[in-house]
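Asker: have a look at this prediction, sequence included:
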Amino acid sequence: MKKSRTAINLEYCALRGACAIVNAIPYPVAMWMARLAAKIAVRIFKFKRERTFARIEQVFPGSDKARKLEIAEFSLFNVLANGIEMVRAPKLSRKWMDRHVVDGAEYKDKLQHYVDEGKGVVIMVPHSGNWYMAAWSMAKYGLPLFAIAARQRNPKIDAWMTRQYGDIEVLCRSERGTLNRIKDYLQGGRAFAILPDLRVPTPDTEVEFLGHKANVSHAACMFAVKCGSPVVVAAMSRKGGKHVYNHLATLRPEGKTAQELTQEAMKILSDHVMAHPEEWFWYNKRWILEPVSK
């Protein structure tokens, strides 16, 4: 349903008002407030706690309440922190990255090595830790990065988000010609960043994820196979107020189908989430272990 002009303007004004407040607060204070808000939301107001606990129990049967609270609380903090950093994104300079991203320039050089092979690189990062910072920092260090996203229903908010992505070119997922552009960009030697850990609504590729069966898109690995691009599987964690890259694997597409490559990448991502469950986005509406409608 198309939004009315009044709704569009009210939502946008509310967003800009929130942005003004967030930008006025020093970054360390904003992070402290996000931690406090997450604790209050989970422990006092029980924000989506029943559903989140059920998801954690599905993956870690028998886990006690204290552990579930710890996972749910830090996961929600990550969501709030990501939002704060999205608001502040235009201020996140190369100098800021040097202070807050551990070995960011070195990791950019590692990815650049794959790009320089001439077939581009597909970078698969889960909804874990700060997935946005993984892209912002690499783009700020000069990696020729692009991604895809759906358009927001509010056109003013959609335009705002496009501005916040900054140095990252974001293609619209639903536009005609996007698939061809992704292929052209990879063949032109660019890096394609994608979040692969979402359940897709129609049957696609069945993978082992979090100890269960999940249905995910094989699109990212399809492009890797078609273009001969290496697939980097990575994640970013928050540690001690800094952002740390975890290079989990580099997969090569030769001799593999897109489905096989997807299954291999998702197994690696699953192992990372199982080892660091508090960093994962347990609040995602598209819960990856929900059954597929057939």
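Answerer: Perfect, I can see it now.
Asker: count of neighbours near the closest residue to residue 222 other than its chain neighbours?
Answerer: Distances taken as C-beta to C-beta, 6 or more residues apart in numbering place residue 258 nearest to residue 222, at 4.0 Å, with adjacent residues excluded. Quick note: C-beta positions are derived from backbone N, CA and C, even for glycine. Residues near residue 258, counting by other C-beta atoms under 10 Å, number 19.
Asker: now do residue 278
Answerer: Around residue 278 there are 19 residues (other C-beta under 10 Å).
Asker: surely it and residue 76 touch.
Answerer: No - Residue 278 is beyond contact range of residue 76, at 10.1 Å (criterion: C-beta atoms under 8 Å).
Asker: give me the neighbour count for residue 5.
Answerer: For residue 5, using other C-beta under 10 Å, the count is 8.
Asker: dihedrals phi and psi, it?
Answerer: Main-chain torsions, residue 5, degrees, to the nearest 10: phi -60, psi -40.
Asker: please name the residues that touch the residue nearest to residue 222.
Answerer: Residues in contact with residue 258 (C-beta atoms under 8 Å, 6 or more residues apart in numbering) are 205, 218, 221-222, 224-225.
Asker: what is the nearest of those residues to residue 174?
Answerer: residue 222 (17.6 Å; C-beta to C-beta).
Asker: for the closest one, which three-state class applies?
Answerer: helix (DSSP: H, G, I helix; E, B strand; the rest coil).
Asker: for the residue nearest to residue 130 when sequence neighbours are not counted, identify the helix or strand it belongs to.
Answerer: Nearest residue to residue 130, sequence neighbours excluded (C-beta to C-beta, 6+ apart): residue 236, at 5.2 Å. For residue 236, the host element (DSSP states H and E) is strand 231-239.
Asker: ok, which stretches of the chain are helices?
Answerer: Counting by DSSP state H, residue ranges of the helices within the chain are 5-24, 27-43, 49-59, 65-88, 94-100, 104-114, 131-140, 155-165, 178-187, 219-227, 258-275.
Asker: residue 210 is nearest to which of these?
Answerer: Short answer: helix 49-59, nearest of those by C-beta to C-beta, at 4.6 Å.
Asker: where are the low-confidence patches of the protein?
Answerer: Within the chain, the segments meeting pLDDT under 70 span 1, 294.
Asker: contacting residues for the residue nearest to residue 131 when sequence neighbours are not counted?
Answerer: Closest residue to residue 131 apart from its sequence neighbours, by C-beta to C-beta, 6+ apart: residue 125 at 5.1 Å. Residues in contact with residue 125, defined by C-beta under 8 Å, 6+ apart, are 131, 134-135, 193-195, 234-236.
Asker: closest to residue 249 out of those residues?
Answerer: Closest to residue 249, out of all of those and judged by C-beta to C-beta, is residue 234, at 8.4 Å.
Asker: please report the distance of that closest one from residue 17.
Answerer: Residue 234 sits 35 Å away from residue 17, going by C-beta to C-beta, to the nearest Å.
Asker: again, but for residue 176
Answerer: When C-beta to C-beta is applied, the distance between residue 176 and residue 17 equals 36 Å.
Asker: if you count what's nearby, which of these two comes out ahead?
Answerer: residue 17 (10 against 7).
Asker: look up how far residue 153 lies from that one.
Answerer: 20 Å.
Asker: cool, residue 247 as well?
Answerer: On the measure of C-beta to C-beta, residue 247 and residue 153 end up 36 Å apart.
Asker: got it, and residue 30?
Answerer: 27 Å.
Asker: the more surrounded of the two?
Answerer: Shown here are residue 30 and residue 153; by other C-beta under 10 Å, residue 30 has more neighbours (19 against 13).
Asker: which ones are touching the nearest residue to that one once chain neighbours are set aside?
Answerer: Nearest in space to residue 30, with sequence neighbours left out and distances taken as C-beta to C-beta, 6+ apart, is residue 84 at 5.0 Å. Shown in contact with residue 84 (C-beta under 8 Å, 6+ apart): 22, 30-31, 34.
Asker: perfect, that will be all.
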